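Peer 1: coords please:
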Amino acid sequence: MRLDQAFATGKPTISFEFFPPKTEEAFNALYQTIEDLRPLKPSYVSVTYGAGGSTRSKTLELCGRIQNEIGFNTVAHLTCVGHTRDKIGQILDQLWESGIRNILALRGDPPGGSVWTKTEGGFDHAGDLVGYVKNRHDFFVAVAGFPEGHPQCLNLSRDLEYLKAKVDAGADAIVTQLFFDNNDFLRFRDNCVRLGIDVPIIGGIMPISNVAQIKRFVTMCGAKIPMPLLRKLEKIEKDPDAVYNAGIDYATNQCRDLIFHDVAGLHFYTLNKSKATTEIVKRLNTPHA
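Peer 2: Presented below is the predicted three-dimensional model:
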């Protein structure tokens with residue numbers, strides 16, 4: 001189903017993001033992760049879309065299996081990278097035929113960290129892609145938002161203007177990049193409202209389980225780790241269990257605060273693992289845990 005129905009309930013949605021693995025063994029592990037997450041009854045799950053051809057085909061295959069065999073409402077990521085308009089149209093047709101009704105439309109990043117270059121015959125901006133997707137089929141289309149600004153954008157106001165353009169092109173919801181300071185998200189949401197953006201804004205949550213790993217992630221995506229949290233993590237980073245527990249505690253409190261502030265949904269970046277996300281969602285369902 002389209003995600004309109006999930007957001008129409010008025011309750012915060014819970015959703016999980018997966019990425020297509022590279023090996024058959026990793027695929028089997030992912031399917032076990034999905035089964036482990038099944039009792040949490042997510043509103044939907046999303047599947048990322050890489051820059052390489054094999055990864056792209058695996059995205060389509062994985063989306064179809066999760067939607068039709070596993071039975072989770074599935075959002076397929078789609079990027080402009082390396083694709084002509086006609087090729088994107090073919091992909092959209094394939095997704096529609098496989099029962100997918102929800103798309104996360106992204107400009108995407110070129111492979112290898114190279115400078116963004118529009119593919120000849122393709123799209124230069126996510127807003128252009130949004131309009132094309134909406135006209136191709138009756139998809140629910142989500143787009144990315146950046147509470148702390150896109151890493152390649154030098155001005156937050158301009159970044160919001162780009163986001164508004166995506167919504168004006170037909171975007172139905174916004175899923176944010178990961179963040180660790182809720183004040184950044186709440187400020188971002190307020191600024192969106194002031195700009196006339198009135199679609200659901202879903203907060204991106206990444207449980208911390210490895211200090212070096214999360215430092216790499218925030219460097220790449222332009223997010224930051226609040227200093228009190230960073231100091232705590234650096235004191236315990238040689239103790240994996242302590243890091244894991246601290247990450248669970250922080251993400252749980254972060255989610256509770258977002259729910260208190262009427263967040264439209266929580267989107268967990270699972271890294272294809274279930275343990276941390278399961279613990280957090282269970283705690284959210286047990287107020288005094």
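
Peer 1: any stretches of the stretch 151-289 of the chain with poor pLDDT?
Peer 2: Counting by pLDDT under 70, the stretch 151-289 of the chain has low-confidence residues at 287-289.

Peer 1: can you show me the helices along it?
Peer 2: Taking DSSP state H, counting those that start in this stretch, the helices of the stretch 151-289 of the chain run over residues 156-168, 182-194, 211-221, 227-236, 240-260, 275-284.

Peer 1: okay, now the nearest residue to Lys58 once chain neighbours are set aside: neighbour count?
Peer 2: Distance criterion Cβ to Cβ, 6 or more residues apart in numbering; nearest residue to Lys58, sequence neighbours excluded, is Pro20 at 3.7 Å. (C-beta placed from N, C-alpha, C; glycine too.) By the measure other Cβ atoms under 10 Å, the count of residues near Pro20 is 22.

Peer 1: now Arg189
Peer 2: 22.

Peer 1: can you tell me, leaving aside adjacent residues, what's nearest to it?
Peer 2: Ile201 is the one closest to Arg189 (Cβ to Cβ, 6+ apart), at 5.3 Å.

Peer 1: pretty sure the one you found is touching Gln177, no?
Peer 2: No. Under the criterion of Cβ atoms under 8 Å, Ile201 lies out of contact with Gln177, with a separation of 11.8 Å.

Peer 1: got any ranges where the stretch 1-150 of the chain has weak pLDDT?
Peer 2: 50-56, 109-118, 121-122.

Peer 1: CA atoms only for the host helix or strand of Gln90, dumped as CSV, please.
Peer 2: For Gln90, the host element (DSSP states H and E) is helix 85-97. The C-alpha trace of helix 85-97 is given here as CSV (Å, rounded to 0.1, in the frame of the first residue of the first chain):
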residue,chain,number,x,y,z
ARG,A,85,15.4,9.3,-17.9
ASP,A,86,14.4,6.3,-20.0
LYS,A,87,16.3,3.8,-17.8
ILE,A,88,14.7,5.3,-14.6
GLY,A,89,11.3,4.9,-16.3
GLN,A,90,12.0,1.2,-16.9
ILE,A,91,13.0,0.8,-13.3
LEU,A,92,9.9,2.5,-12.1
ASP,A,93,7.8,0.3,-14.3
GLN,A,94,9.5,-2.8,-12.9
LEU,A,95,8.9,-1.7,-9.4
TRP,A,96,5.3,-0.9,-10.0
GLU,A,97,4.7,-4.3,-11.6
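
Peer 1: just the buried positions in stretch 79-86, please.
Peer 2: 79-83 (16 or more other Cβ atoms under 10 Å).

Peer 1: out of these, which is nearest to Asp168?
Peer 2: Cys80 (17.8 Å; Cβ to Cβ).

Peer 1: excluding sequence neighbours, find me the nearest residue to that closest one.
Peer 2: Cys80 sits nearest to Phe123 (Cβ to Cβ, 6+ apart), 4.3 Å away.

Peer 1: the one you found: which element?
Peer 2: Applying DSSP H and E, one finds Phe123 in no helix or strand.

Peer 1: how many residues are close by it?
Peer 2: Phe123 has 23 nearby residues by other Cβ under 10 Å.

Peer 1: test my guess that it contacts Arg85.
Peer 2: Yes. Between Phe123 and Arg85 a contact is recorded at 6.9 Å, counting by Cβ under 8 Å.

Peer 1: okay, and the common contacts of those two?
Peer 2: Tyr132 (Cβ atoms under 8 Å, 6 or more residues apart in numbering).

Peer 1: identify the residues contacting Val167.
Peer 2: So Val167 contacts 143, 174, 197, 199 (Cβ under 8 Å, 6+ apart).

Peer 1: out of those residues, who's nearest His261?
Peer 2: Of all the contacts of Val167, Ile174 has the smallest distance to His261: 15.8 Å, by Cβ to Cβ.

Peer 1: partner residues bridging the closest one?
Peer 2: Beta-bridge partners of Ile174, counted by DSSP bridges, are Val143, Ile201.
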